[in-house]
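Student: Pasting the sequence and the predicted coordinates here, then a few questions.
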2 protein chains.
Amino acid sequence: MKKLDMFGLLKKDMAYIEEELFRSMSGDELIHETSLHLLKAGGKRLRPVFVLLGGKFGEYDLEKLMRVAVPLELIHMASLVHDDVIDDADTRRGQLTVKAKWDNKIAMYTGDYIYAKALDIVSQLPNPLIHQILSKAMVEMSIGEMEQIRDFFNTGQSVRRYMLRIRRKTALLIAVSCQLGAVAAEADSKISSLLYRYGYYVGMAFQIQDDLLDLCGTEKQIGKPPGSDIRQGNITLPVIYALQDLEVRQSLIDELAHIHQLNGQCDVAKAISLIKSSSGISRSEQLATRYINKALEVLAELPDLKIKRNLKDIAHFVTRRSY
Amino acid sequence: MKKLDMFGLLKKDMAYIEEELFRSMSGDELIHETSLHLLKAGGKRLRPVFVLLGGKFGEYDLEKLMRVAVPLELIHMASLVHDDVIDDADTRRGQLTVKAKWDNKIAMYTGDYIYAKALDIVSQLPNPLIHQILSKAMVEMSIGEMEQIRDFFNTGQSVRRYMLRIRRKTALLIAVSCQLGAVAAEADSKISSLLYRYGYYVGMAFQIQDDLLDLCGTEKQIGKPPGSDIRQGNITLPVIYALQDLEVRQSLIDELAHIHQLNGQCDVAKAISLIKSSSGISRSEQLATRYINKALEVLAELPDLKIKRNLKDIAHFVTRRSY
């Protein structure tokens, strides 16, 4: 998958983070092989980018920031491997998943290893606040993952429940990335709180866009077959909105029940076209845009550094991206 | 499963740790239900006991020690839930496992949650050394778990390879429990190193005894059907020694190949009786005793506190226990 490509300013520093990511996963056991396989599949490296940008609001020290940026990307990666076990996904970022190339058990321990390695790297930083923020985010993330399983194929769930879930699953770690960059750089706590809020809004929009792409993107764009969410019973925002649309509601419920019955081992094109024919897509896009606008409002409150341009660009990228 | 019952001195403090363990897992989501289920199954709480005993060598502060003792027990518990996914185990400590009562995916996220919660609790302690020691142990543990999968049914493995595996899988976390009690109590670093070594030797003996019990214990004693290791292909020390015994070697290899072929879905009584008829059991017992003797030698170097009596008792208990 493509990395973000808009950070002339940070290009060199991001290359260093990338090197350190690879160094952190090196070794000669099977676990290193599976971890490197994951790392090589790429990713946008959004969380490290946010850490570095957050760091610009304080005393920018690359070595210190690396010890936050690398762990945050690793925690994200570890959650993806465990996700793939749940989703029974065979491809991710256009590559075979660990669970497909090896098996579920190996994927589980690969995730455990990457989590532990992330903690090992961040443990070199003496500021206890960093550990507290990070561990609280990990607690919430794991609760979110479990609740997601519970809500599979639950067509009665509210928008509010969806929001709570993506907050835990995605927005929190992005918020924390922005915040911890500033904390590691010893920026003012008012600034790190604002960055947290910016990251939270961007993260919410990011996940909504992800859920839209799973319905509207092509396999080439998103690195996995579209409709994966529906197949596994993950009821996302466009689906919840579509279910509120009386024109498609009953047909969509029937279609989802059918997919549930077949454990997702069937064509989901009809469900997708029902959702697309409803107002689900446009209403979701509107909500994502509202979150981005909120993120931009928060930006306005931050000190006027050149780097704010980049934060603005990312915010706009989030809802316009096709990968 | 029974708790250790020899700590009159620490009884009250261990009751507090137990309360805090339960408090840490409380909440009203599914993940709390699965976590409490695990906690209620009990356990010896060996790691918290070691933390408190280690703390007696410095400035004993129960609140601080709790923030190490609870996380260490939780990390141990989390590794057991993930273990049960791998082992396909239905019972543990005489209770249904999470993966049996719910499913593998729920067991995986329950483990992730418990790990995160452990870190959340320890993150309140400002001493970075504690985080460094803990995260390094978690890295090694996860490598050990993965290597164990790799070595399933590998009848060619050496004693050395077994030792490296149980070092990572068990001994390290017990060593770290003893050490971190002293570190949290700000004891001299010479003392915490000695405690680490004591815990390491006790931990090695503990795992060897565990592997012996899986062959020689009753279901009532060990809380799961005996022979579980053989069924899943976990080649333990008594098996490696039995394979060195030319009288049983070939029959045992054939029997293990047969079990492998049937994926452990068969009677393993013949394999167990072959191992029992060899020198595998007595040689393993001897090695466990050698480790305990080493632990006792290390104890002799520690300051002469009353608490040393307890550490000596546990060392003796480890190879004499039947649970």
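Tutor: Arrived safely. Every value quoted in this text rests on a predicted model; they were computed, and no experiment measured them.
Student: what sits against the residue of the stretch 151-300 of chain A found nearest chain B?
Tutor: Closest to chain B within the stretch 151-300 of chain A is residue A:152: 10.0 Å, counting by Cβ to the nearest Cβ. Where C-beta positions appear, they are placed from N, C-alpha and C, glycine not excepted. With contact taken as Cβ atoms under 8 Å, 6 or more residues apart in numbering or on different chains, residue A:152 is in contact with A:232, A:233, A:234, A:235.
Student: That one falls within a helix, correct?
Tutor: No: looking at residue A:152 with DSSP: H, G, I helix; E, B strand; the rest coil, it is coil, so not inside a helix.
Student: I'd like the distance between residue A:54 and residue A:122.
Tutor: Counting by Cβ to Cβ, to the nearest Å, the separation of residue A:54 from residue A:122 is 15 Å.
Student: Help me confirm that residue A:272 comes into contact with residue A:230.
Tutor: Yes: counting by Cβ atoms under 8 Å, residue A:272 does reach residue A:230; the two are 6.9 Å apart.
Student: who are the neighbours in contact with residue A:181?
Tutor: A:50, A:51, A:52, A:53, A:54, A:55, A:56, A:57, A:65, A:68, A:69, A:195.
Student: For it, report the pLDDT, please.
Tutor: Residue A:181 is assigned a predicted lDDT (pLDDT) of 98.
Student: Could you give the number of residues near the residue nearest to it when sequence neighbours are not counted?
Tutor: Once flanking residues are discounted, residue A:181 sits nearest to residue A:54: 2.3 Å by Cβ to Cβ, 6 or more residues apart in numbering or on different chains. Residue A:54 has 32 neighbouring residues, counting by other Cβ atoms under 10 Å in any protein chain shown.
Student: sorry, back to before: save the contacts of residue A:152 as TSV, and put in neighbour count too.
Tutor: Converted to TSV, the contacts of residue A:152 look like this (neighbours: other Cβ atoms under 10 Å in any protein chain shown):
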residue	neighbour count
A:232	18
A:233	19
A:234	20
A:235	24
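Student: want to throw the residues you listed into TSV with distance to chain B?
Tutor: Listed next are the contacts of residue A:152 as TSV, based on distance: Cβ to the nearest Cβ, whole Å:
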residue	distance to chain B
A:232	11
A:233	12
A:234	13
A:235	17
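Student: In helices, which of those residues appear?
Tutor: Using DSSP state H, the subset of the contacts of residue A:152 located in helices is residue A:232.
Student: Comparing residue A:272 and residue A:230, which residue is more hemmed in?
Tutor: residue A:230 (23 against 19).
Student: Correct me if wrong: the more buried one contacts residue A:267.
Tutor: No: assessed by Cβ under 8 Å, residue A:230 is found out of contact with residue A:267, at 10.6 Å.
Student: Flag the shaky bits of the stretch 201-323 of chain A, pLDDT-wise.
Tutor: Along the stretch 201-323 of chain A, the model assigns pLDDT under 70 to no residue.
Student: What are the boundaries of the helices in it?
Tutor: A:219-222, A:228-232, A:237-244, A:249-261, A:269-277, A:280-301, A:308-320 (DSSP state H, counting those that start in this stretch).
Student: which of the ones you listed is buried the deepest?
Tutor: helix A:237-244 (a mean of 22; mean count of other Cβ atoms under 10 Å in any protein chain shown).
Student: Output it as PDB, restricted to C-alpha atoms.
Tutor: The C-alpha coordinates for helix A:237-244 follow below in PDB (Å, rounded to 0.1, in the frame of the first residue of the first chain):
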ATOM      1  CA  LEU A 237     -22.400   3.600   9.100                       C
ATOM      2  CA  PRO A 238     -23.600   3.500   5.400                       C
ATOM      3  CA  VAL A 239     -25.500   0.300   6.300                       C
ATOM      4  CA  ILE A 240     -27.100   1.700   9.400                       C
ATOM      5  CA  TYR A 241     -28.200   4.700   7.400                       C
ATOM      6  CA  ALA A 242     -29.400   2.500   4.500                       C
ATOM      7  CA  LEU A 243     -31.500   0.500   7.100                       C
ATOM      8  CA  GLN A 244     -33.200   3.800   8.100                       C
END
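Student: could you check the angle helix A:249-261 makes with it?
Tutor: 130 degrees (axes from the mean of the first three to the mean of the last three Cα atoms, to 10 degrees).
Student: Give the phi and psi angles for the closest residue in space to residue A:268 that isn't next to it in sequence, as a check.
Tutor: Excluding the flanking residues, the one nearest residue A:268 by Cβ to Cβ, 6+ apart is residue A:227, at 4.1 Å. Backbone torsions of residue A:227, given as degrees, to the nearest 10, read phi 80, psi 10.
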